[in-house]
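1. Sequence below, structure please.
(3 chains)
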Amino acid sequence: MDIHDIHNISTNCTRTEFVGTAVLDTIGLVISGVDDSLLKKMNVGTQYHCLGLFSSRTGAAGQITAIDDAVKATNTEVLSIELPRDTKGWGGHGNYIVLGGNDVSDVRHAISLALELTNKYAGEVYISESGHLEFAFSASAGPAIHKAFGTPLGEAFGFMAGSPAAIGLVMADNAVKSAAVSITQYMTPNIGTSHSNEVIIAISGDASAVKAAVLEGRQTGLELLIGMGTYPEIPGTPYL
Amino acid sequence: MDIHDIHNISTNCTRTEFVGTAVLDTIGLVISGVDDSLLKKMNVGTQYHCLGLFSSRTGAAGQITAIDDAVKATNTEVLSIELPRDTKGWGGHGNYIVLGGNDVSDVRHAISLALELTNKYAGEVYISESGHLEFAFSASAGPAIHKAFGTPLGEAFGFMAGSPAAIGLVMADNAVKSAAVSITQYMTPNIGTSHSNEVIIAISGDASAVKAAVLEGRQTGLELLIGMGTYPEIPGTPYL
Amino acid sequence: MDIHDIHNISTNCTRTEFVGTAVLDTIGLVISGVDDSLLKKMNVGTQYHCLGLFSSRTGAAGQITAIDDAVKATNTEVLSIELPRDTKGWGGHGNYIVLGGNDVSDVRHAISLALELTNKYAGEVYISESGHLEFAFSASAGPAIHKAFGTPLGEAFGFMAGSPAAIGLVMADNAVKSAAVSITQYMTPNIGTSHSNEVIIAISGDASAVKAAVLEGRQTGLELLIGMGTYPEIPGTPYL
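-> Residues are numbered from 1 along each chain as shown, chains lettered A, B, ... in the order given. Below you'll find the model as predicted:
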């Protein structure tokens, strides 16, 4: 294998496993019948041999929100959600999600839908020279959000992460003071993250309260991050 | 929220929580009365509702040394010190520190002082294409250094970290051979770090011995890091 | 210490500890008689006072394969292998390896050999804008490969890592389906890695089967990674 051989491979991937890509270095893949010896190592049970795979270098909550909608719309199940320490050199996470289903077209459809929705839900990522912010909102938490953040099924879900970590805590404080919401998850470099440089909260409650709290957190976070001296880039398209 | 709205936010932050910034993407913040539901999740006790927050993308020992002096000079207490895996793509840590106090002006003063001292104490950071080095020294360890590195209160404190990790071990070896010092902390990718690519030691003992050992470690580390082929940048101002 | 002083240090390192460097920010060092108090902290036993150190910012399996051959060829022993979360901002690992020996010339020779072999065995690293791939193969696993990946001594060893993690799982699946091999190690962001954004497998079995499986995994991984839109750089020289 050399540079020459590599350029014989097309960027238009035609492998049967390839479903597509989305923003933030996200890739969606399907394995129609996973190898038995591999499945036994995966710690995702052995019920499904058809697996959907979803994975990004940057971001977590937006993609999990996308997967959540995709799973609700298809006959598939979330088998595992992992958050590597990544973000391409920044202080946060990426994601690695495994879905299962009995029918390869269901699973492929779920992954395809999740890629499409990632281009929307991963829009609330702000990355500056000094740090980053991430936000997410869903009016009704499904199984992926429940599994990742403990939000009760059917309740509204809000998410905010700020880096450097101190920004995340002030965002969280202002958010929970601004509306009647409950904290369902609290994460710091040593608590629950993969040692990322973030404070993260997930909140639940009434949809309008949760949305108001996320918007308050976002305003706080942007003012503080920009106060560090530079304006963030927005790799997606904000939707809140 | 779009790019246009973001540029309506000023880089001169006027939020009441904002205290200031320092080198190495350091931000200092104060929450005058933290939300109760958030405080209960934070694992820092519930004695203080006034919190000082201090957080950087890069560096740990220099900022902890700055916090140490700031806490000694004010009526505040160190509640938690966490070391995320960060350094903006390099092989080390950032930091996230929470202080508590009964009086918001005390806490604000402590954070302000720590920011000012960070511009001094975080001066001993050297970052090249291949790796990085960090050093710190205090003639008398206070509560922050004690909490982070186990240095007995009042004893001199020395710190050295080298990346790639092998450099850190040779620095450590030469340092402890060069003077009568004790190793109070030893950290590697799998021991005590957040999987950073460093060997780190903290040392204690007589002030002149500790300082001599740190200087010996620094000379060793610089020779080896530069031996990898490129000269380091020095984002702060060395003070040792 | 200032910028001026630093440039008085030569990039031709003449320290007795310095053995040399190799690709991927790899450095090799020797301590001829390690300090007793330091050795006791190191968790590598106290049998050897002569230590060989080997450490890189990027890559793991290639360097471990190089160390494996070096240890087989010299009278030295592998004392520890650690995998920091590094890769200079990418989603994977670096490495930090400690060898021990009774004779400084043996240990120096082992490290020197490992540096030379790293320039070969770390050749199978592919890094694009979106992620990275790493492969390794040895016809006969020695003590370093056994210690790091559980491969039975004397059996053939194959390794593949893919990032974002989903790519690694499809590579693994195709590899183990393509030949009669056993999975000796399975790693994900939450299982066995330092929270890297990779799925990794190590395989063993008959040499020709293991090599065929690695090549199948490589073809799969390259097609998927390139399918994310950009061609990878190859910092070393592929050897498979």
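2. what about residue A:202, helix or strand, and which?
-> Element membership of residue A:202, judged by DSSP states H and E, is strand A:199-205.
3. whoops, residue A:38 was the one
-> helix A:36-41.
4. For that helix, give me every contacting residue.
-> With Cβ atoms under 8 Å, 6 or more residues apart in numbering or on different chains as the test, helix A:36-41 has contacts from A:46, A:49, C:169, C:172, C:173, C:176, C:182, C:183, C:186, C:201. Where C-beta positions appear, they are placed from N, C-alpha and C, glycine not excepted.
5. go with 7 Å
-> Helix A:36-41 is contacted by residues A:46, A:49, C:172, C:173, C:176, C:183, C:186 when judged by Cβ atoms under 7 Å, 6 or more residues apart in numbering or on different chains.
6. Can you show me the CA trace of that helix as CSV?
-> The C-alpha coordinates for helix A:36-41 follow below in CSV (Å, rounded to 0.1, in the frame of the first residue of the first chain):
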residue,chain,number,x,y,z
ASP,A,36,-20.3,-14.0,16.1
SER,A,37,-16.9,-13.9,17.8
LEU,A,38,-16.8,-10.2,17.5
LEU,A,39,-20.4,-9.7,18.7
LYS,A,40,-19.6,-11.7,21.9
LYS,A,41,-16.8,-9.2,22.7
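7. So residue A:90: helix, strand or coil?
-> coil (DSSP: H, G, I helix; E, B strand; the rest coil).
8. nearest spatial neighbour of it, skipping sequence neighbours?
-> Spatial nearest neighbour of residue A:90, excluding adjacent residues (Cβ to Cβ, 6 or more residues apart in numbering or on different chains): residue A:132 at 5.4 Å.
9. Looking at chain A, which helix is longest?
-> Secondary structure of chain A per DSSP state H: the longest helix is helix A:207-227.
10. Could I get the buried residue list for that one?
-> For helix A:207-227, burial by neighbour count (16 or more other Cβ atoms under 10 Å in any protein chain shown) applies to A:207, A:209-227.
11. just those that are near chain C?
-> Among those, not one lies near chain C by Cβ under 7 Å from any Cβ of the partner chain.
12. Give the rounded mean pLDDT of the longest helix of chain A.
-> Helix A:207-227 shows a mean pLDDT of 95.
13. which residues are in contact with that helix?
-> So helix A:207-227 is contacted by A:126, A:128, A:130-131, A:133, A:135, A:137, A:139, A:156-158, A:160, A:162, A:167, A:170-172, A:174-176, A:178-181, A:203-204, A:232, A:240, B:1, B:6, B:9, B:11, B:13, B:15, B:18, B:27 (Cβ under 7 Å, 6+ apart).
14. so which of those residues are also by chain C?
-> Okay, of the contacts of helix A:207-227, nothing touches chain C (Cβ under 7 Å from any Cβ).
15. Just the buried residues out of these, in ChimeraX syntax.
-> Buried subset of the contacts of helix A:207-227, written as a ChimeraX selection, criterion 16+ other Cβ under 10 Å:
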select /A:126,128,130,131,133,135,137,156,157,158,160,162,167,170,171,172,174,175,176,178,179,181,203,204,232 /B:1,6,9,13,18,27
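16. Which ones among the contacts of helix A:207-227 lie within helices?
-> Those of those lying in helices (DSSP H): A:167, A:170, A:171, A:172, A:174, A:175, A:176, A:178, B:6.
17. Contact partners for the second one?
-> This points to residue A:170. So residue A:170 contacts A:220, A:224, B:17, B:29, B:31, B:53 (Cβ under 7 Å, 6+ apart).
18. which of these lies closest to residue C:79?
-> Within those, the smallest distance to residue C:79 is 40.8 Å, found for residue B:53 (Cβ to Cβ).
19. hang on, isn't that closest one packed against residue B:95?
-> No: using Cβ atoms under 7 Å as the test, residue B:53 is too far from residue B:95 to be in contact (11.0 Å).
20. So which of the two has more stuff around it?
-> Per other Cβ atoms under 10 Å in any protein chain shown, whichever of residue B:53 and residue B:95 has more neighbours is residue B:95, with 31 against 26.
21. Report the closest residue of chain A relative to chain B.
-> residue A:227 (2.7 Å; Cβ to the nearest Cβ).
22. Can you tell me how far that residue is from chain C?
-> According to Cβ to the nearest Cβ, to the nearest Å, residue A:227 stands 25 Å off from chain C.
23. report the angle between the axes of the strand holding residue A:202 and helix A:207-227?
-> 160 degrees (axes from the mean of the first three to the mean of the last three Cα atoms, to 10 degrees).
24. what are the C-alpha coordinates of strand A:199-205, in PDB please?
-> Provided in PDB are the C-alpha atoms of strand A:199-205 (Å, rounded to 0.1, in the frame of the first residue of the first chain):
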ATOM      1  CA  VAL A 199     -18.900  21.100  33.000                       C
ATOM      2  CA  ILE A 200     -22.100  19.500  31.500                       C
ATOM      3  CA  ILE A 201     -25.600  19.300  32.700                       C
ATOM      4  CA  ALA A 202     -28.700  17.600  31.300                       C
ATOM      5  CA  ILE A 203     -32.000  19.000  32.400                       C
ATOM      6  CA  SER A 204     -35.600  17.800  32.200                       C
ATOM      7  CA  GLY A 205     -39.100  19.300  32.900                       C
END
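25. Quick check: chain neighbours aside, which residue is closest to the one residue in chain A that gets nearest to chain C?
-> Nearest residue of chain A to chain C: residue A:13, at 2.7 Å (Cβ to the nearest Cβ). With Cβ to Cβ, 6+ apart as the criterion, residue A:13 has its nearest non-adjacent residue at 2.7 Å, and that residue is residue C:227.
26. now, among the contacts of helix A:36-41, which is nearest to residue C:90?
-> residue C:172 (19.5 Å).
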